[in-house]
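A.B. asks: quick one, structure for this:
(2 chains)
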Number of protein chains: 2
Amino acid sequence: MINQTNVHLGNVRSVIRELFEYGKKRKAEIGEENVYDFSLGNPSVPAPDEVRAELVNLITNTDPVALHGYTSAQGDFSVRKAIADDLNARFKTSLSADSIYMTCGAAASLCITLNALLNAGYEVITFAPFFPEYSVFTAHAGGTLKAAECDKNFQPDIAKFKALLTDKTKAVIINSPNNPSGVVYGENTVKELCAALKEHEKKTGNRVYLISDEPYRELVFDGVYVPFIMNFYDNSIVCYSFSKSLSLPGERIGYIAVNSAMENDREVFAGVCGAGRALGYVCAPALFQQLVKKVLGKTADISVYKANRDKLCAALTEYGFEVVKPDGAFYLFVKSPENDATAFAERAKKYELLIVPADSFGVKGYVRISYCVSPQTVEKSLPAFKALAEEYK
Amino acid sequence: MINQTNVHLGNVRSVIRELFEYGKKRKAEIGEENVYDFSLGNPSVPAPDEVRAELVNLITNTDPVALHGYTSAQGDFSVRKAIADDLNARFKTSLSADSIYMTCGAAASLCITLNALLNAGYEVITFAPFFPEYSVFTAHAGGTLKAAECDKNFQPDIAKFKALLTDKTKAVIINSPNNPSGVVYGENTVKELCAALKEHEKKTGNRVYLISDEPYRELVFDGVYVPFIMNFYDNSIVCYSFSKSLSLPGERIGYIAVNSAMENDREVFAGVCGAGRALGYVCAPALFQQLVKKVLGKTADISVYKANRDKLCAALTEYGFEVVKPDGAFYLFVKSPENDATAFAERAKKYELLIVPADSFGVKGYVRISYCVSPQTVEKSLPAFKALAEEYK
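C.D. replies: Residues are numbered from 1 along each chain as shown, chains lettered A, B, ... in the order given. From the prediction side, this is the model:
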């Protein structure tokens, strides 16, 4: 028998992927413009113009042996230095190039970090709703994922979180701005969470690492402040990806930043290097390492996402839906007007609306609308949402 | 405690990496041109011109949302189709796009394949000398690596191999052209190996998968024939990388091909997809997927490597060294004139020659010379090799 866990993972399609495949079929039947596909978190805004210019510049004017050659396993020194300097300038941290490990995107950042930290039988806590692959990544690293509930505004409920802490807890994953709720965890919430972890360590001697999964950091609207975890907790690790901020999701480029204020930061960084090696990540793609150095601080034009959010929030509220107003990312979390969100999402298909029931994100009774689509799609979808709402009146 | 296996892996430098770091220091002291660094397998020949042209073309003329967007997890369909068609044309196989899974290079190909196949406690057999990371990759997937000896020409010794087969053996890894010996496994050897596996399955009911790790397939000289494993054994999987053939080692692009003649090829392919997911490989870098489709069949100018090989083989033989004449890759395997290859490599440093003792490749008494360097480095190194030889006369 070969490994049936992985065979199963390869065979089961996620709910999102099922819906996406349905959408492809449906578009072929009735025309792309007549299906309102809000299923995937795939950016619709192109990468900023500087990306194209810098890529052509790098490819045209750099020695190809140097440009496409191996970098060191943790990434090119100058790239890591630039990222550390940028973070220090923005967040008053004291990171160095050796705090940064370049990765093939957010999923790689998380897998490597979890494999660095976990031994078999360890536990990881996150907050529901959460990205479903957290369970897969944690399980592969030998651990078990537990999810704490959030309050009604989808902020972590710290009392419920505390009840899940055990002597096997090794890490906590937070994701803010959150996929799928779009909520940004507030500073008070973050402070309470960190206080709970410090208290737990004091009481039990068990150090818990706080992993901040933040591919959506730059995707916030109206100047909302996203607390930077290293400013609140020494034993913290940031898992970043340029996928969403630069609209480069297929290029697989991101990083892990290990807080230099951590007592054993060298041990954790070595664990990251070792886990990257054991998982087969030789180095992050070399051309895109150089690219992100050149365009640090740039983002795709996120005003499109803000306009989509505002239009959808206003319209859906007007039609009678209950929505969680998102501060960031490009997801809108909507309360299902019937208890069963899967039934609601199924009914939405009648109106060619593809929306994802949030059950697989660990929360029942909600759907996720990915509004990283064109403004035209949003505009054209509104009558469909209105008609769907009518069914529940 | 965090995961000490990975901390250890992150902290220990390989012998090769130690030597490379020593070389960097030494070059700073006495000048780059005075150190003959044969330590690393980093191609010195640039990517073919078509790579630069096609990259600029793709970046300039493709919609960036499509070009840099997520592909499906197994890779872009048209890319996989092109690779399957190319393999079918070259090797008379019957692969389809769904036999191919695009990866972040050879290490990723191997890790994903091993995680697809192995359960805890399974065994993997390879042939010494072998790439040391095979042990790391196998251990992470829960298995144990055993190495069978080769004969004096560094061809697998099938009798010794058979003695290692057990009911826990799940996979065999071969690497031809071989790193570090440069030897190509002959057709007879491959046939005997496959016969042994078929006999084992018949006798015990235990199916063993043959994994061919072939980043050096295109790097062969004098028209030497490299048997294509799928022509000899149904339960076979090819792990390929474009790193060496296209001189793109930092870009992390390769693939896994699962033999469509395999009875349970859909199960194994699902296992590959699931393992990729569990290890955090969302998709292979999108731009380089499109790139390799455009330049399939092209290679960097490997005549440079052939010239280096011929010059080094002739000179070292003349000086009295015993060399294994390589048919491919860019490594020369040389018998140490003293029993302790590490002592020999240490002595070579006196002459500014950086060569790798092969102990970590599972063979004692040999050193590896990576001749993917400039012809000037080879030329200038010859008096140093001559002086080193004199010490042993």
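A.B. asks: how about the residues of the stretch 151-300 of chain A by chain B?
C.D. replies: A:170, A:209, A:247-252, A:264, A:267-288 (CB under 8 Å from any CB of the partner chain). From N, CA and C alone the C-beta is placed, and that goes for glycine too.
A.B. asks: filter the residues you listed down to the ones in helices?
C.D. replies: Those of those mapping onto helices are A:267-278, A:286-288, per DSSP state H.
A.B. asks: need the pLDDT of residue A:41.
C.D. replies: pLDDT, residue A:41: 85.
A.B. asks: show me the contacts for it.
C.D. replies: Residue A:41 is in contact with A:179, A:244, A:330-331, A:370, A:372, counting by CB atoms under 8 Å, 6 or more residues apart in numbering or on different chains.
A.B. asks: doesn't it fall inside a helix?
C.D. replies: No. Counting by DSSP: H, G, I helix; E, B strand; the rest coil, residue A:41 is not part of a helix but coil.
A.B. asks: tell me how far it lies from residue A:211.
C.D. replies: 20 Å (CB to CB, to the nearest Å).
A.B. asks: before we move on, what about residue A:112?
C.D. replies: In terms of CB to CB, residue A:112 sits 11 Å off from residue A:211.
A.B. asks: just residue A:45 next, same as before
C.D. replies: 27 Å.
A.B. asks: could you do residue A:198 as well?
C.D. replies: Distance from residue A:198 to residue A:211, by CB to CB: 16 Å.
A.B. asks: compare these two (neighbour count), which wins?
C.D. replies: residue A:211 (25 against 15; other CB atoms under 10 Å in any protein chain shown).
A.B. asks: surely the more buried one is in contact with residue A:176?
C.D. replies: No. Judged on CB atoms under 8 Å, residue A:211 makes no contact with residue A:176 at a distance of 11.8 Å.
A.B. asks: quick one: the strands in chain A?
C.D. replies: A:36-37, A:100-103, A:123-127, A:144-148, A:169-174, A:209-213, A:236-241, A:254-258, A:323-324, A:331-335, A:353-354, A:356-357, A:366-370 (DSSP state E).
A.B. asks: of all those, which lies closest to residue B:73?
C.D. replies: strand A:236-241 (16.3 Å; CB to CB).
A.B. asks: thinking again about what came up before, so which of the contacts of residue A:41 wins on neighbours?
C.D. replies: That'd be residue A:331 among those, by other CB under 10 Å, with 30 neighbours.
A.B. asks: quickly list what it is bridged to.
C.D. replies: Using DSSP bridges, the beta-bridge partners of residue A:331 come out as residue A:370.
A.B. asks: burial count for residue A:218?
C.D. replies: With other CB under 10 Å as criterion, residue A:218 counts 19.
A.B. asks: chain neighbours aside, what residue packs nearest to it?
C.D. replies: Spatial nearest neighbour of residue A:218, excluding adjacent residues (CB to CB, 6 or more residues apart in numbering or on different chains): residue A:245 at 4.0 Å.
A.B. asks: again, but for residue A:387
C.D. replies: Nearest residue to residue A:387, sequence neighbours excluded (CB to CB, 6+ apart): residue A:351, at 5.6 Å.
A.B. asks: against chain B, how distant is residue A:331?
C.D. replies: The gap separating residue A:331 from chain B is 16 Å, by CB to the nearest CB, to the nearest Å.
A.B. asks: who's in contact with that residue?
C.D. replies: Per CB under 8 Å, 6+ apart, neighbours of residue A:331: A:41, A:178-182, A:368-371.
A.B. asks: let's see that with 7 Å instead.
C.D. replies: A:179-182, A:368-370 (CB atoms under 7 Å, 6 or more residues apart in numbering or on different chains).
A.B. asks: now residue A:373
C.D. replies: Neighbours of residue A:373 in contact, by CB under 7 Å, 6+ apart: A:38, A:44, A:308.
A.B. asks: same question for residue A:74.
C.D. replies: A:80, A:101-102, A:273.
A.B. asks: among the residues you listed, which two are most distant?
C.D. replies: Checking these with CB to CB, the most distant pair is A:80 and A:273, at 12.4 Å.
A.B. asks: which stretches of the stretch 151-300 of chain A have low pLDDT?
C.D. replies: Nowhere does the stretch 151-300 of chain A drop to pLDDT under 70.
A.B. asks: quick revisit: now the contacts of residue A:373 in JSON lines, with pLDDT?
C.D. replies: Shown next, in JSON lines, are these (pLDDT from 0 to 100):
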{"residue": "A:38", "pLDDT": "95"}
{"residue": "A:44", "pLDDT": "90"}
{"residue": "A:308", "pLDDT": "97"}
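A.B. asks: ok, and the most crowded of the residues you listed?
C.D. replies: Ranked by neighbours (other CB under 10 Å), the contacts of residue A:373 are led by residue A:38, which has 26 neighbours.
A.B. asks: distance of it relative to chain B?
C.D. replies: 16 Å.
A.B. asks: now for that residue: which residues touch it?
C.D. replies: A:354-355, A:369-371, A:373.
A.B. asks: can you add neighbour count and give the contacts of residue A:74 back as TSV?
C.D. replies: Shown next, in TSV, are the contacts of residue A:74 (neighbours: other CB atoms under 10 Å in any protein chain shown):
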residue	neighbour count
A:80	25
A:101	28
A:102	28
A:273	23
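A.B. asks: nearest to chain B among the residues you listed?
C.D. replies: The nearest member of the contacts of residue A:74 to chain B, counting by CB to the nearest CB, is residue A:273 at 3.4 Å.
A.B. asks: contacts for stretch A:231-238, please.
C.D. replies: With CB under 7 Å, 6+ apart, stretch A:231-238 has contacts from A:91, A:113, A:190-191, A:194, A:197, A:207-212, A:214, A:229-230, A:256-259, A:261-262.
A.B. asks: can you do 6 Å?
C.D. replies: With CB atoms under 6 Å, 6 or more residues apart in numbering or on different chains as the test, stretch A:231-238 has contacts from A:113, A:190, A:194, A:207, A:209-212, A:229-230, A:257-259, A:261-262.
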